[in-house]
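Undergrad: Coordinates for the following, if possible.
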Amino acid sequence: MKQHMRRSVVAAALIVGVAVGHGLAATPAAAEPGVASDLQSLAEAVSEGLKPSSDGRQPKAIVDSGGSSGSGSGSSGSGSGSASGSASGSSSGYGHSTAAAPTGQGPELSAPLAAFAYGLVSPDVAPAGANNWDCKPSAAHPRPVVLLHGTWLNAFDTFSYLSPQLARAGFCVFALNFGRSGLIEGGGVGAILPGRYGVGPIEESSVQVADFIDRVRTTTGADKVDIVGHSQGGTVANHYLKFEGGADKVDKLVTYGATHHGTTLMGIATLGRAINNLGIDVLGFGEPIIGIANIQQTVGSPFYATLNAKGDTVPGVDYTAVASRWDEVTNPYDLAFLKAGEGATVRNITLQEGCEQDLSDHLTLMYSPRSASIALNALDPVNHPALNCSFNPWLIGGSGKL
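TA: Predicted coordinates for the structure are as follows:
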């Protein structure tokens, strides 16, 4: 099976890479008949390795163009409008990605591995406490909280721990699955797994977030929202603030392990970018494998040159940026921090300062009791003044509880 998968991946990479040049993904209409066959073979090989869930349902890898059921614009509850499907106005030039507002509510979980497994079986379910479109903000919590996930993730497997805590604290909570893109469109190999969002061009994801936040504001009657973003979610939020009119619609942005300045991936991406700058497009060639969004998030990419050209922040927004010394993805971890510009306030927090027993890595950041207390404190410091300090193991999370 490994040989079969390797042949399929290489075939897909070669066909897509040659077809488009400069690492840009081809559209389904431009693909040759053999491409779909290779991709389907790859999906079948991945499906063979997926075990049934505890309730007997069998997850299945899919090949799609981002427009299949569960990936289009989603509406739920009594709210009007929908998350944007094919985002217009993107400056990326890539194939379109899609977004969906997750429906229903999954269980409250305490560990990322369990949440990821559940998210494969139920990829379009909302985390507990989120997307109740009948929720009306209270005087104590006048701004809805919008949750934005990271790369290769979705709203449920990122926020199944934090979302219900925010809801119990009295916030109206909303979550979006954004940046869904098939392998042919440049989403990468990871995109063939069920529910893998955050792989499309970040500019398009930013437009999708803008549409979703407008829907939240219209439905709830709120003038502004607060945003909590993990990893790429923080970067998408940053782009929304700077380029999609978000500065006037957001009061607070709280980020965890955000790729605000990219990531070196322990030097690999930096090396790739250096070779790219010499005129050899190694990152572009790898794009069909790892996806457009990951290429954009490498240190020194043109995307960041544009994103941060006028500074890290925008006036009028209160920023809280959380990072972990044990983060293996946003590395070095201080790339997740921000420098306050005119009219903005920034609080940069290293998770281990005052709590060395919290060993959260990139994924378990969102399953850390301390991280949850930081979010509550940032959003409502009067009612949540204290920060939790608990042991949270690397990779496992949830204070060691699955």
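
Undergrad: mind listing what's buried in stretch 245-262?
TA: 246-247, 249-262 (16 or more other C-beta atoms under 10 Å). Bear in mind the C-beta positions are built from the backbone N, C-alpha and C, glycine included.

Undergrad: can you map out the strands along the protein?
TA: 98-100, 103-105, 125-126, 145-148, 173-180, 225-230, 250-256, 318-323, 345-350 (DSSP state E).

Undergrad: average model confidence for the third one?
TA: Right, the one you point to is strand 125-126. Averaged across strand 125-126, pLDDT comes to 96.

Undergrad: so where's the chain uncertain?
TA: 1-95, 182-192, 265-289, 400-402 (pLDDT under 70).

Undergrad: if you set the cut-off to 90 instead, what comes out?
TA: Residue ranges of the chain with pLDDT under 90: 1-100, 113, 116-117, 119-123, 151-152, 180-200, 263-301, 328-332, 394-402.

Undergrad: how about the helices in it?
TA: 2-20, 33-48, 112-121, 155-159, 162-168, 202-220, 232-243, 268-277, 282-290, 292-296, 302-307, 369-379 (DSSP state H).

Undergrad: other SSEs contacting the third one?
TA: Packing contacts for helix 112-121, counted by 3 or more C-beta pairs under 8 Å, 6 or more residues apart in numbering; DSSP states H and E, involve helix 155-159.

Undergrad: Would you mind extracting the C-alpha trace of the helix it packs on into CSV?
TA: In CSV, the C-alpha atoms belonging to helix 155-159 read as follows (Å, rounded to 0.1, in the frame of the first residue of the first chain):
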residue,chain,number,x,y,z
ALA,A,155,-13.9,24.1,13.8
PHE,A,156,-14.7,21.0,15.8
ASP,A,157,-11.3,19.4,16.2
THR,A,158,-9.8,22.7,17.1
PHE,A,159,-12.4,24.1,19.5
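
Undergrad: contacts for that helix?
TA: Residues external to helix 155-159 that are found in contact with it (C-beta atoms under 8 Å, 6 or more residues apart in numbering): 102, 106, 112, 115-116, 118-119, 122-123, 125-127, 130, 147, 149-150, 175-177, 195, 228, 230, 233, 366.

Undergrad: Same list as before, the strands of the chain that is, but in TSV and with distance to residue 311 included.
TA: Shown next, in TSV, are those (distance: least, C-beta to C-beta, whole Å):
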stretch	distance to residue 311
strand 98-100	28
strand 103-105	38
strand 125-126	34
strand 145-148	21
strand 173-180	25
strand 225-230	18
strand 250-256	14
strand 318-323	12
strand 345-350	11
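
Undergrad: Burial check on the residue nearest to residue 99 when sequence neighbours are not counted, number of neighbours?
TA: In space, and not counting its chain neighbours, residue 99 is closest to residue 208: 3.8 Å by C-beta to C-beta, 6 or more residues apart in numbering. The number of residues packed near residue 208 is 30, by other C-beta atoms under 10 Å.

Undergrad: Relative to residue 375, how far out is residue 208?
TA: 23 Å (C-beta to C-beta, to the nearest Å).

Undergrad: same check, this time on residue 385
TA: In this view, residue 385 and residue 375 are 14 Å apart by C-beta to C-beta.

Undergrad: Please say which of the two ends up with more neighbours.
TA: residue 375 (26 against 10).

Undergrad: Go ahead and confirm the more buried one touches residue 254.
TA: Yes. Counting by C-beta atoms under 8 Å, residue 375 does reach residue 254; the two are 5.5 Å apart.

Undergrad: Give the residues shared as contacts by the two.
TA: By C-beta under 8 Å, 6+ apart, the residues touching both residue 375 and residue 254 are residue 228.

Undergrad: mind exporting stretch 342-360 as PDB, just the C-alpha atoms?
TA: Extracted C-alpha coordinates of stretch 342-360, given in PDB (Å, rounded to 0.1, in the frame of the first residue of the first chain):
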ATOM      1  CA  GLU A 342      -0.500  53.200  16.500                       C
ATOM      2  CA  GLY A 343      -3.900  52.900  18.200                       C
ATOM      3  CA  ALA A 344      -3.600  49.200  19.000                       C
ATOM      4  CA  THR A 345      -2.900  47.400  22.300                       C
ATOM      5  CA  VAL A 346      -0.900  44.100  22.400                       C
ATOM      6  CA  ARG A 347      -0.400  41.500  25.100                       C
ATOM      7  CA  ASN A 348       2.100  38.800  24.200                       C
ATOM      8  CA  ILE A 349       1.900  35.800  26.500                       C
ATOM      9  CA  THR A 350       4.300  32.900  26.700                       C
ATOM     10  CA  LEU A 351       2.200  30.000  28.000                       C
ATOM     11  CA  GLN A 352       4.900  28.700  30.300                       C
ATOM     12  CA  GLU A 353       5.600  32.000  32.100                       C
ATOM     13  CA  GLY A 354       4.300  31.300  35.600                       C
ATOM     14  CA  CYS A 355       3.200  27.800  34.600                       C
ATOM     15  CA  GLU A 356       6.200  25.600  33.600                       C
ATOM     16  CA  GLN A 357       4.100  22.400  33.900                       C
ATOM     17  CA  ASP A 358       2.000  23.300  30.900                       C
ATOM     18  CA  LEU A 359       3.800  21.500  28.000                       C
ATOM     19  CA  SER A 360       1.300  22.300  25.300                       C
END
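
Undergrad: Would you mark the buried spots in that stretch?
TA: 344, 346, 347, 349, 350, 351, 352, 355, 358, 359, 360.

Undergrad: Distance of the residue nearest to residue 99 relative to residue 240?
TA: In this view, residue 208 and residue 240 are 9 Å apart by C-beta to C-beta.
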